[in-house]
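Undergrad: dropping the sequence and predicted coords here.
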Amino acid sequence: MSKIRVTKTHSTIGQPERVEKNMQALGLSKMNSSNELNVTPQIEGIIRKVKHLIKIENI
C-alpha cells in the first residue's frame, strides 16, 4: 500500500461546510499542517474534492 503526505496550503474560510469536514477527515486543521495517509479509494475521493486547497507528495 502506498503512502502520501497531504499538506494544507489554503484556508477553508468561505468554503462549504462539507469541504471543511473533508479537511478534518484528512487530519488537516491549521495552515501548513500535514498528515501521512495510506492511499485508499476513500482517501482518493476526499482528495479529489479538496485538491485546490492541498499539496500532495508521494512518500
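TA: Okay, I see it.
Undergrad: okay, now the nearest residue to Glu36 once chain neighbours are set aside: neighbour count?
TA: For Glu36, ignoring the flanking residues on the chain, the nearest one in space by Cβ to Cβ, 6 or more residues apart in numbering is Arg5 at 5.2 Å. Where you see a C-beta, it was placed from the backbone N, CA and C, and this is true even at glycine. Arg5: 13 surrounding residues under other Cβ atoms under 10 Å.
Undergrad: what residues does Arg5 make contact with?
TA: For Arg5, the contacting residues are 34-37, 56-59, by Cβ atoms under 8 Å, 6 or more residues apart in numbering.
Undergrad: tell me the spacing between it and Val39.
TA: 11 Å (Cβ to Cβ, to the nearest Å).
Undergrad: strands of the protein, start to end?
TA: When secondary structure is read from DSSP state E, the chain shows strands at 3-8, 34-38, 54-58.
Undergrad: out of those strands, which one sits most buried?
TA: strand 3-8 (a mean of 17; mean count of other Cβ atoms under 10 Å).
Undergrad: show me where the protein has its helices.
TA: 17-25, 41-50 (DSSP state H).
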